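**Q** pasting the sequence and the predicted model now:
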Amino acid sequence: NCSGSCIDTAHDPEHCGGCGQPCSTNHTSLRACVDDTCYLLGCQADYADCNGAASDGCEASLLTSSQHCGVCGSACNLPHQGSCSGGSCVCDAGWQDCNGGSDGCEAYLSTDANNCGSCGTTCNLPRKGTCAGGSCVCDAGWADCNGGSDGCEADLSSDTSCGACGVTCPTAYSCINGSCQQTGCVPACSTGQTCVNGTCVGTGTLRFTLTWTVVGDVDLWVVTPTGKTIYYGNSGPSSSTDMGELDADDTSGTGPENIFWSSSYTPPSGTYVVCANTYLDSARSYTLTVDKGGVMSTFSGTSPAGLYNTPCTTSSPGYITSITYP
């Protein structure tokens, strides 16, 4: 008697073995109760009783179960192939089984140079041997500018592809660190001149040339052996400069500043004191080039901030060096 009804609990699937003890309906299509015991006689499509327990019905989805994918006991347990979809083991996102082997989904299509973006797509063109984001990419500093089979043919440090495809540096410019920078002079310098930072400066028998690294105003000062000071306030050539001349005074770039004696004049013999005075600006690094009739010397250092009109002596903050001529 189950709730006032006479029930055959030995054969009723809703009260199998006792009142209120139904056989599981979990994805079952046919069930039976025989001698107080539940039996599964059929499962719904794409489901199965893989654990042999009637109590939980047809518990396994053959379409999505990674332990029973397609059929009971078929587990998706190969590397990068741990999911079941549509009854088949499938690769994890971004992975692919390109060799059909027992190593699962061995190819990561985003970075595999032998399977880049898809199985069998190899990155083997010149200077194009790396896979990134599923595409073959150029080596650093190179580009594929013609789209041809020669790979990444363009050197981005060249004057014809400076920093990017199609960027050609004009006359007197060279590609430096991926950008066209002026290295020559237009028009060309005259006899008795040389090109420094795109500026023609005088040469002759003795020359002092200053350049620096950060745009601004750095002043070159030279004190001659007779005590004459050549700088922006006394540029010469005259007797007050011992015929030396400041012919380049850069107030807003990176130089040059240039003091020289043309071949028409003979510099005084003795010791020359050279200074770099930063004009109301922050400190910056400099390079001094000294040309004594073709014999070159270079000096590097840092000009302190804001020296303005500080006199040039061997004890000055902006002192660079002392040069003996000849």
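**A** Nice, I can see it. Residues are numbered from 1 along each chain as shown.

**Q** outline the domain layout of the protein.
**A** The record assigns the chain these domain ranges, following automatic domain parsing: 1-61, 141-182, 193-325.

**Q** show me what counts as buried in whatever helix or strand residue 276 lives in.
**A** Following DSSP states H and E, one finds residue 276 within strand 270-278. Taking 16 or more other CB atoms under 10 Å as the neighbour-count basis, strand 270-278 is seen to contain the buried residues 272-278. Where C-beta positions appear, they are placed from N, C-alpha and C, glycine not excepted.

**Q** go on, stretch 67-81?
**A** Of all the residues in stretch 67-81, those buried under the rule 16+ other CB under 10 Å are 68-70, 74, 76, 78, 80-81.

**Q** next: stretch 16-36.
**A** For stretch 16-36, the neighbour count (16+ other CB under 10 Å) marks 16, 21, 23-24, 26-28, 31-33 as buried.

**Q** try stretch 215-233
**A** Along stretch 215-233, these residues count as buried under the neighbour rule (16+ other CB under 10 Å): 216-224, 228-232.

**Q** can I have it written out in PDB, keeping just the CAs?
**A** This file holds the C-alpha atoms of stretch 215-233, laid out as PDB (Å, rounded to 0.1, in the frame of the first residue of the first chain):
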ATOM      1  CA  VAL A 215      69.200  70.500 -28.300                       C
ATOM      2  CA  GLY A 216      70.000  73.800 -26.700                       C
ATOM      3  CA  ASP A 217      72.800  76.400 -26.500                       C
ATOM      4  CA  VAL A 218      76.300  75.400 -25.600                       C
ATOM      5  CA  ASP A 219      79.100  77.900 -26.200                       C
ATOM      6  CA  LEU A 220      82.600  77.100 -27.300                       C
ATOM      7  CA  TRP A 221      85.300  79.300 -25.700                       C
ATOM      8  CA  VAL A 222      89.000  79.200 -26.700                       C
ATOM      9  CA  VAL A 223      91.700  81.200 -25.000                       C
ATOM     10  CA  THR A 224      94.800  81.700 -27.200                       C
ATOM     11  CA  PRO A 225      98.400  81.500 -25.900                       C
ATOM     12  CA  THR A 226      98.500  85.300 -25.800                       C
ATOM     13  CA  GLY A 227      95.400  85.500 -23.600                       C
ATOM     14  CA  LYS A 228      92.800  86.400 -26.200                       C
ATOM     15  CA  THR A 229      89.400  84.900 -25.800                       C
ATOM     16  CA  ILE A 230      87.400  83.700 -28.800                       C
ATOM     17  CA  TYR A 231      83.700  83.200 -28.200                       C
ATOM     18  CA  TYR A 232      80.200  84.400 -29.300                       C
ATOM     19  CA  GLY A 233      81.000  87.900 -27.900                       C
END
